[in-house]
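> Make a model of this:
(2 chains)
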Amino acid sequence: MKLIAPRLPRGFEDRAQKDIAAITEMTARIRQVYERYGFDPVETPFFEYTETLGKFLPDTDRPNVGVFSLQDDDEQWMSLRYDLTAPLARYFAENFDRLPKPFRSYRQGYVFRNEKPGPGRFRQFMQFDADTVGAPGPEADAEMCMMMADTMDALGLEGQYLVKVNNRKVLDGVLELIGLGAADPEKSLTVLRAIDKLDRLGLEGVSELLGAGRKDESGDFTKGAGLLPDAIHRVLGYVGLKGEGESFFAGLEALVEGSARGLEGVAELRAMAALFAAAGYGADRVRIDPAVVRGLEYYTGPVFEVELTFRVTNEKGQDVVFGSVGGGGRYDGLVSRFRSEPVPATGFSIGVSRLAHALKLTGNLESADPVGPVVVLVLDKDQTARYGEIVSRLRRAGIRAEMFMGQTKNFGKQVAYADKRNSPAVIIEGTDERARGIVQIKDLIAGKEAAKAIADNAEWKAERPGQFECRDDEIIARLSALPAIHAHLQSQK
RNA sequence: GCCGCCUUAGCUCAGUUGGUUAGAGCACUAGAUUGUGGAUCUAGGGGUCCCCCGUUCAAACCGGGGAGGCGGUACCA
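Okay, the predicted model is just below:
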């Protein structure tokens, strides 16, 4: 029979105990922040009808290649969700009559994208979103930005991130003034993409992309937008605008003077900035940045993203381009696919998997090995009922415990198993002990410590470091007194 | 999609101008010790040298094609 190579599909990850513990811890902290802000949980399924996600290819009845899709038994196209926003829009529209408006909710879960994976980019990854549906004002947008900042703080990243805020209307205004926008959607997209790359390419790179095009280090040539020098100059002036306060906004206004939409965007940014300042969120945490574009489709007003300000290096020591770990914005049009009345909405998403990947690479996600169960050794195969009784007693007392169930009768192998599980202790009851009404408790942690002084194996065995005996009715009390078990019992309360 | 680097044991990697039976460290298994983890010592298992085609008396090594991995770039709801 031909064996099958066990292999993980690319872009997917297995998660073992430590990874799961880290993700659990991260999501608990995120959840705490969102709940403090007054958001409630909602969960939707992995699958939606493809039309719900709006991901059919234009002019065909096939779903977009970027989504994992299948047809169910009545030939309807279904897709794995590729974000948590489209499902929320469906949920809100479907339950419109009974939901409070504004509707403030959060959701956490895996999403799927059928794309080429990269560093920190997976085909299945976790997002943690919060959205406010039915609140039109900049207060809701500003709240999202501040909550993002608080979330990063809660994850222990104070001073190591920046929430950057912009407004699509301002971008639209700039495009309008160089004669693009609705007049030439294709070229407008190219310009927006170029702006989005300011971080990586700097002003010169962006300038090339706005003009003829750019050849990058890897030898790939990207065709530019073909703007005239005058227009390039104007866009660069906009993109390079920095600072804060009145002079900054006045500068922005001057740049979009003549575009009503642009000015509206600046006014919204002003309002948000005032809210940040009043709430005590300085430019070291939340900052207006004209180069923020975010995805190209559904955002209609404020957009924001959070990025890490420290360097990330992978296992091979290569510097890795990491990009943002979260983002969002206002999407007033998304619910209107389901309902005719206008429904304003704003929200953001934290890329939990991406963030976890970055933190893992930088060593910020390290945690101690979790403490394993107490292992009751099986010395006499005909006494498993007796050993099982001890295990049950430990479990009732809240102590993680198990009977050894492997194939070996070898005593040493059983202890080695417990050691590998990082068990705090094993319980030993052989014929002698049973006759005397006692058991041996071997404290593996203390034993490990004591063993450092012993080099000789014979001595090590004779010494039995960490081992003591106790009466059967003292087992719980003696085990509970061991530091590792004591700590675990405390944490359960 | 495009560009670069990479692919030999479970992992990290050596491998002489192309020359017999392809190696090391770690890990794993067993024994020294049939009732005691670690350390030490001894032994052992484990390989389609990524795949296919070609050159050659002879290919892990040379040539061509392909696949996979990593990174960059493009795209990204």
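> Report the mean per-residue pLDDT for stretch A:26-37.
The pLDDT scores in stretch A:26-37 average 96.
> swap that for stretch A:322-333, please
89.
> how about the CA coordinates for that stretch, as CSV?
Output in CSV follows, covering the C-alpha atoms of stretch A:322-333 (Å, rounded to 0.1, in the frame of the first residue of the first chain):
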residue,chain,number,x,y,z
PHE,A,322,5.4,43.3,7.9
GLY,A,323,2.8,45.9,7.0
SER,A,324,-0.2,46.6,9.1
VAL,A,325,-1.7,44.3,11.7
GLY,A,326,-5.1,45.8,11.7
GLY,A,327,-7.3,48.4,10.0
GLY,A,328,-10.7,49.5,9.2
GLY,A,329,-12.9,52.5,8.3
ARG,A,330,-16.3,53.7,7.4
TYR,A,331,-18.3,51.6,4.9
ASP,A,332,-21.7,53.3,4.5
GLY,A,333,-22.5,51.3,1.4
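> hmm, who's touching that stretch?
A:85, A:119-120, A:129, A:136, A:141, A:144, A:148, A:161, A:168, A:294, A:298-308, A:312, A:342-351, A:354-355, A:358 (CB atoms under 8 Å, 6 or more residues apart in numbering). Quick note: C-beta positions are derived from backbone N, CA and C, even for glycine.
> Spell out which residues belonging to the stretch 351-493 of chain A are near RNA strand B, please.
A:379, A:408-413, A:415-416, A:419, A:428, A:430-433, A:440, A:442-448, A:451, A:454-457, A:460-461, A:464-467 (CB under 7 Å from any atom of the strand).
> before we move on, back to that, out of the contacts of stretch A:322-333, which sit inside helices?
Here DSSP state H is the test, and these give A:85, A:141, A:144, A:148, A:168, A:354-355, A:358 as lying in helices.
> can you tell me which of the contacts of stretch A:322-333 are in strands?
A:129, A:161, A:302-308, A:345-351 (DSSP state E).
> In these, which residue is surrounded by the most others?
residue A:346 (32 neighbours; other CB atoms under 10 Å).
> didn't that residue look like it was pressed against residue A:142?
No. Counting by CB atoms under 8 Å, residue A:346 stays clear of residue A:142, with 9.6 Å between them.
> which residues in the stretch 151-300 of chain A form helices?
A:168-177, A:185-196, A:198-210, A:229-239, A:245-256, A:260-279 (DSSP state H, counting those that start in this stretch).
> Mind checking these for the one nearest to RNA strand B?
Proximity to RNA strand B, assessed across the helices of the stretch 151-300 of chain A by CB to the nearest atom of the strand, is greatest for helix A:185-196 (4.2 Å).
> May I have that closest one exported as CSV, CA atoms only?
What follows is helix A:185-196 as a C-alpha-only set of coordinates in CSV (Å, rounded to 0.1, in the frame of the first residue of the first chain):
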residue,chain,number,x,y,z
PRO,A,185,-11.5,55.0,-12.2
GLU,A,186,-8.7,52.8,-13.5
LYS,A,187,-6.0,55.5,-13.3
SER,A,188,-7.4,56.6,-10.0
LEU,A,189,-6.8,53.2,-8.5
THR,A,190,-3.3,53.2,-9.8
VAL,A,191,-2.7,56.5,-8.1
LEU,A,192,-4.2,55.3,-4.8
ARG,A,193,-2.1,52.2,-4.9
ALA,A,194,1.0,54.3,-5.4
ILE,A,195,0.2,56.5,-2.4
ASP,A,196,-0.4,53.4,-0.3
